[in-house]
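1. Provided below are the primary sequence and the corresponding predicted coordinates.
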Amino acid sequence: MELALAGLGGTMSHTDELTFDPGVLSAEQLYGDACVVCHKKWPRPRVRVGRLPDGSKVLACADCAPALPRPRAAEPDARAPRRDREPEPATL
């Protein structure tokens, strides 16, 4: 399952960091010279909020970074056997 980030062209899987589409970012945002959210260039953004498909980091300013979703921990597989239950007693 992935979460689409409206207007930012990004997706997020459960255990990965945000991945942004470089096609919707400006050159300044691609090179880390502008906030990925508000385009602010000064002070230069310093908070890593995700990555590009090639692994390059994507930065946001300190004001915008908390507004982006955080990756969630992987959820346990519902099909996996549960180990917290006692086995059913065998009837003879």
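-> Looks like it came in fine.

2. Ignoring the adjacent residues along the chain, who's closest to residue 49?
-> In space, and not counting its chain neighbours, residue 49 is closest to residue 60: 4.5 Å by CB to CB, 6 or more residues apart in numbering. The C-beta positions use only the backbone N, C-alpha and C, and glycine is treated the same way.

3. who's in contact with the one you found?
-> 35-37, 45, 47, 49, 68 (CB atoms under 8 Å, 6 or more residues apart in numbering).

4. out of these, who has the most neighbours?
-> residue 36 (29 neighbours; other CB atoms under 10 Å).

5. So what does it have for phi and psi?
-> phi -70, psi -20 (degrees, to the nearest 10).

6. That one reaches residue 59, doesn't it?
-> Yes. The pair residue 36 / residue 59 is scored as a contact, 6.5 Å apart, by CB atoms under 8 Å.

7. Name the residues contacting each of the two.
-> 45, 49.

8. got the phi/psi numbers for the residue nearest to residue 49?
-> The phi/psi pair for residue 60 (degrees, to the nearest 10) is phi -130, psi 160.

9. Could you check how far it is from residue 45?
-> 5 Å (CB to CB, to the nearest Å).

10. Tell me who's in contact with the residue lying closest to residue 37 once chain neighbours are set aside.
-> Distances taken as CB to CB, 6+ apart place residue 64 nearest to residue 37, at 3.8 Å, with adjacent residues excluded. Contacts for residue 64 were tallied using CB under 8 Å, 6+ apart; they are 35-38, 40.
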